[in-house]
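# From the sequence below, what's the structure:
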Amino acid sequence: MNARSFLFSALVMTILSVPVFSAWTEPVPLTSVNDPYGEDWSPFLSFDGLTLYFARVRNSTSYYGRICTATRNDVSGAFTFVQVLDCPLNNSPGHQLCPWVSCDNLRMYYHNETSGRYRLMLSERESINDPWPAGKSIEELNSLGNKLQAPALTLDELIMVFDAYDIPDGKGNYDLWIAARPDRNSSFTTYRNLSEVNTQFAELGPFLSPDGLELYFSSNRNGSSQLFKATRSSLNGYFGNLEALSQFDTPGMENAHPHPSYNGNEFYFRRAQTSDTSICDIYVSYFLADNTYYVDGSNGDDSNNGTSSGTAFATIQRGIDAAPDGFTVMVGPGTYTGSISFHGKAVTLQGVTGPGGAPVLENPDDFAVVFANNEGPESVLKNVVIRNSFIGVFLAGSSPTLNNVTLVDNNYGIRAYTASNPDISNCVFLNNSYADLSGCAAKYSLTTEAGEGNIYANPDFADPNNGDYHLKSERGRYWPEHDVWVLDKVTSPCIDAGDPLEEPAGEPMPNGGYVNMGAYGGTSYASMSETPFPDPDFNKDGIIDESDLADLVDQWLAAAGWLQ
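Presented below is the predicted three-dimensional model:
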């Protein structure tokens, strides 16, 4: 589709966007749950997402493994209450490990380890307010061998997977097995070795999706314990499409007992040190649908997961460190002090403009932003204000993209060393006492330095003494103090003065078809200007119809370079 057809279609149609699932966050220890003096493992998150069941070994009250719970008030919050269950189940002899709890929270499947024998167990209670009674052996399966463990079931509890060491017809180490029954009150009458996924090495700690079509497990077939996923198309089929979940791997660490949450937003597992597997904790990774982390200096917390505005990080550096290459870190309004570094990350750091203004970065004694690890054009800084810093942006051997940044009242705006070649555009530099730019150049920016499309004039900020760097406009400028749009007596020369090849799609209408300079350029809080086409009846026939839209498209194509 050519540019004319595309723009015409955009004017007369509504385009629906379908989100694309993409990636998991870097796994982090579940610090609100893990015991520094114990081994925490085999996590299981309840179907409603509010209770995490897990096993703890060698804690402060008992050598034996015990079933524990951690609870929270909502599915995106942190776990706040951790306890070892005080119940007959936990008071039974031996270790109680690897819990799996039914949807109605009335049945717990787990395994008991006593005197070297591992048995699959079931504890049933009458009410969710009752303590868990001592479990009963699932004898039809336990009679197959002496080491059966880690049960996991489908939602209807008719299919169970588990791992076992000594059942005949296995492959010689811990293998995964699957068993089935006709109804929940019957015995498991059929079973088989999952030979399609087992190897001569150890396959352990399985988890089965509620529909029974996805299987997760750990295996040391590649030399260390890694997580894997296999799928099948029907309950009678065999598992295939084996996938190593390498996004959760970390050198020197072994992963086991995988458990994706039932809403698909979290992935829990046990991680241990390769050199000492007795040192282990529960880790969690969060699913990102839009490749975005969020930072909120006023309401965020660095112990959050950062995956939404409601669970934002508090510091920009935490967001950068968490983000994989290709991600965006959205920074909310507020003042952020200190130095931040991209650490070689190919991420976009973008300010969120709004009633609170654009985010402001400050570091009076040092650098506000550092690019010193061979960052390239995919490392992007945009829509922020940098002020009151020794050097606003410091570069060494790096060539990032700096777009729509306002740099005011610094010693140096941007200073570059050792073959840095940043792409700097649509920026506003003012009152930087030593230099706006040192060792680099900008284009389509307001600065004292020469460059393509550069201008030097009063930017006409709304109220810079009080931190308002919106551009004055006779057509309309946002006034954050009163949350209204106002008309000024002058229009800033920075309006519509940005790179003509850059689309101003995020700016409010009317605008002149070009992006503004400065921190608010390209955003919904950009100051407005008159459209160059005030009368929509282009052919003057008294009717506004498709022919007028076609003429409008032609004129926009001629006027705006970003459409070519």
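
# Can you list the buried residues in the lengthiest strand in the chain?
Determined from DSSP state E, the single longest strand within the chain is strand 276-288. Neighbour counts over strand 276-288 (16 or more other CB atoms under 10 Å) mark 277, 280-288 as buried. Backbone N, C-alpha and C define where each C-beta goes, glycine included.

# Then stretch 451-471?
451, 454, 459-462, 464, 467-471.

# Contacts only, for Gly392.
Contacts for Gly392 (CB atoms under 8 Å, 6 or more residues apart in numbering) come out as 361, 367-369, 386, 407, 410, 412-414, 432.

# Kindly report the same for Ile67.
53-55, 84-85, 89-90, 96-97, 99, 108, 110, 132.

# And the helices in the stretch 451-564 of the chain, which stretches?
Secondary structure of the stretch 451-564 of the chain (DSSP state H, counting those that start in this stretch): helices located at 546-559.

# Just the strands from it, written as ranges.
Counting by DSSP state E, counting those that start in this stretch, the stretch 451-564 of the chain has strands at residues 461-463, 468-471, 477-479, 484-486.

# and the first one, what does it pack onto?
Packing partners of strand 461-463 (3 or more CB pairs under 8 Å, 6 or more residues apart in numbering; DSSP states H and E): strand 468-471.

# Just checking: what are the partner strands of the strand it packs on?
Within its sheet, and counting by DSSP bridges, strand 468-471 is paired with strand 461-463 (antiparallel).

# Could I get the average pLDDT for the strand it pairs with?
Average pLDDT, strand 461-463: 96.

# who's in contact with it?
Under CB under 8 Å, 6+ apart, the answer for strand 461-463 is 430, 468-472, 477, 479, 488, 492.

# cutoff 7 Å now
Identification of contacts with strand 461-463 by CB atoms under 7 Å, 6 or more residues apart in numbering yields 468-472, 477.

# likewise stretch 83-98?
Taking CB under 7 Å, 6+ apart as the rule, stretch 83-98 contacts 42, 55-57, 61, 64-69, 110-114, 123, 131-135, 149-151.

# So which residues of the stretch 201-350 of the chain form strands?
For the stretch 201-350 of the chain, the strands defined by DSSP E, counting those that start in this stretch cover 203-208, 214-219, 226-231, 240-244, 253-260, 266-273, 276-288, 292-295, 328-331, 335-337, 340-341, 348-351.

# From the contact counts, what lies against the second one?
The one in question is strand 214-219. In terms of contacts (3 or more CB pairs under 7 Å, 6 or more residues apart in numbering; DSSP states H and E), strand 214-219 is packed against strand 203-208, strand 226-231, strand 253-260.

# any idea of the mean pLDDT for the first one?
By that I understand strand 203-208. On average, the pLDDT along strand 203-208 is 96.

# who does that strand pair up with?
Here, using DSSP bridges, strand 203-208 pairs with strand 214-219 (antiparallel).

# how far off strand 253-260 does the strand it pairs with point, in degrees?
Interaxial angle, strand 214-219 versus strand 253-260 (axes from the mean of the first three to the mean of the last three CA atoms, to 10 degrees): 160 degrees.

# got a list of contacts for strand 214-219?
By CB under 7 Å, 6+ apart, strand 214-219 touches 161, 176, 197, 199, 201-208, 225-231, 239, 255-258, 260.

# okay, the angle between that strand and strand 240-244?
Using the same axes, to 10 degrees, strand 214-219 lies at 50 degrees relative to strand 240-244.

# Low-confidence bits of the stretch 151-300 of the chain, can you list those?
Along the stretch 151-300 of the chain, the model assigns pLDDT under 70 to residues 277.

# thinking again about what came up before, for the buried residues of stretch 451-471, give me CSV that also has distance to Val331.
Converted to CSV, the buried residues of stretch 451-471 look like this (distance: CB to CB, whole Å):
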residue, distance to Val331
Gly451, 27
Asn454, 27
Pro459, 22
Asp460, 25
Phe461, 20
Ala462, 21
Pro464, 20
Gly467, 16
Asp468, 18
Tyr469, 15
His470, 18
Leu471, 21
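
# Next one, pLDDT for Glu140 please.
97.

# I'd assumed Ser187 was in contact with it.
Yes: taking contacts as CB atoms under 7 Å, Glu140 lies within contact range of Ser187: 4.4 Å.

# neighbour count winner among these two?
Neighbours were counted for Glu140 and for Ser187 using other CB atoms under 10 Å; Glu140 has more, 15 against 11.

# for that one, helix, strand, or coil?
What DSSP: H, G, I helix; E, B strand; the rest coil gives for Glu140 is helix.

# circling back: show me the contacts of stretch 83-98 that map onto strands.
Taking DSSP E, the ones among the contacts of stretch 83-98 that sit in strands are 42, 55-57, 66-69, 110-114, 123, 149-151.

# Buried only: go through the residues you listed for me.
Buried by 16+ other CB under 10 Å: 42, 55-57, 66-69, 110-113, 123, 149-151, out of the ones in strands among the contacts of stretch 83-98.

# ok, of the residues you listed, which one's closest to Thr348?
Closest approach to Thr348 among these (CB to CB): Ser42, at 38.1 Å.

# follow-up on the earlier one: between the buried residues of strand 276-288, which is closest to Tyr520?
After measuring the buried residues of strand 276-288 against Tyr520 - CB to CB - the closest member comes out as Leu288, at 26.8 Å.

# wait, isn't the closest one in contact with Thr307?
Yes: assessed by CB under 7 Å, Leu288 is found in contact with Thr307 at 5.8 Å.

# So for those two, which residues contact both of them?
Shared contacts of Leu288 and Thr307, defined by CB under 7 Å, 6+ apart, comprise Thr25.

# out of the contacts of strand 214-219, which are buried?
Buried by 16+ other CB under 10 Å: 161, 176, 197, 201-208, 225-230, 239, 255-258, 260, out of these.

# Surely Asp460 is in contact with Lys472?
Yes: counting by CB under 7 Å, Lys472 is a contact partner of Asp460 at 4.2 Å.

# Point to the helix or strand of the protein where mean pLDDT is at its lowest.
Across the helices and strands of the chain, mean pLDDT, DSSP states H and E gives its lowest value to helix 3-12, namely a mean of 39.

# Now render the strands of the stretch 201-350 of the chain as CSV, adding distance to Leu381.
What follows is the strands of the stretch 201-350 of the chain, written out as CSV (distance: least, CB to CB, whole Å):
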stretch, distance to Leu381
strand 203-208, 41
strand 214-219, 39
strand 226-231, 35
strand 240-244, 35
strand 253-260, 33
strand 266-273, 31
strand 276-288, 21
strand 292-295, 14
strand 328-331, 10
strand 335-337, 13
strand 340-341, 10
strand 348-351, 5
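
# Quick check: which of the ones you listed is nearest to Leu144?
Across those, the minimum distance to Leu144, taken as CB to CB, is reached by strand 203-208, at 16.1 Å.

# Put the alpha carbons of that closest one into PDB.
Only the C-alpha atoms of strand 203-208 are listed here, as PDB (Å, rounded to 0.1, in the frame of the first residue of the first chain):
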ATOM      1  CA  GLU A 203      13.300 -35.400  34.400                       C
ATOM      2  CA  LEU A 204      11.600 -34.000  37.500                       C
ATOM      3  CA  GLY A 205       9.000 -31.800  39.000                       C
ATOM      4  CA  PRO A 206       6.300 -31.800  36.300                       C
ATOM      5  CA  PHE A 207       3.400 -29.300  36.000                       C
ATOM      6  CA  LEU A 208       0.400 -29.900  33.800                       C
END
